[in-house]
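A.B. asks: Need a 3D model of the following:
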Amino acid sequence: MPKFPTPRPAQRTEAGVLEVHRRFPTAGDAIVLYAEEAAADLIVMGTHGRRGWDRARLGSVAEGVARYASCPVLVIPSAAVDAASGARAAAQSA
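C.D. replies: Predicted structure coming up:
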């Protein structure tokens, strides 16, 4: 489990520079912590489906959550969501 800094209010330093501290370094950290606090049995997430360099450069929230979560993580690719939406729309118009 990632360690989170203790949240503090913004402070002015002697130089007059404003310091801001975030509680969670990433969205994935926030999701993992919330799932643990809520005693979640399962986390369901969508993913954009990037591959290769784009994935490495941009990172993957779903991958980080799957790596650090203490419960199972179900990752649904966006292509599956798009296909289901198309099928649902076709069925409704028939």
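A.B. asks: Please verify my assumption that Thr26 contacts Glu63.
C.D. replies: No: assessed by CB atoms under 8 Å, Thr26 is found out of contact with Glu63, at 11.1 Å. No exception for glycine: its C-beta is placed from N, CA and C like everyone else's.
A.B. asks: how much space between Ile76 and Ala62?
C.D. replies: Separation of Ile76 from Ala62 (CB to CB, to the nearest Å): 9 Å.
A.B. asks: okay, the two: which has more neighbours?
C.D. replies: Set Ile76 next to Ala62 and count neighbours by other CB atoms under 10 Å: Ala62 wins out with 21 against 13.
A.B. asks: quick one: the more buried one is in a helix?
C.D. replies: Yes: assigned with DSSP: H, G, I helix; E, B strand; the rest coil, Ala62 falls within a helix.
A.B. asks: Flag the shaky bits of the chain, pLDDT-wise.
C.D. replies: Scanning the chain with the threshold set as pLDDT under 70 gives 1-24, 49-59, 80-90, 94.
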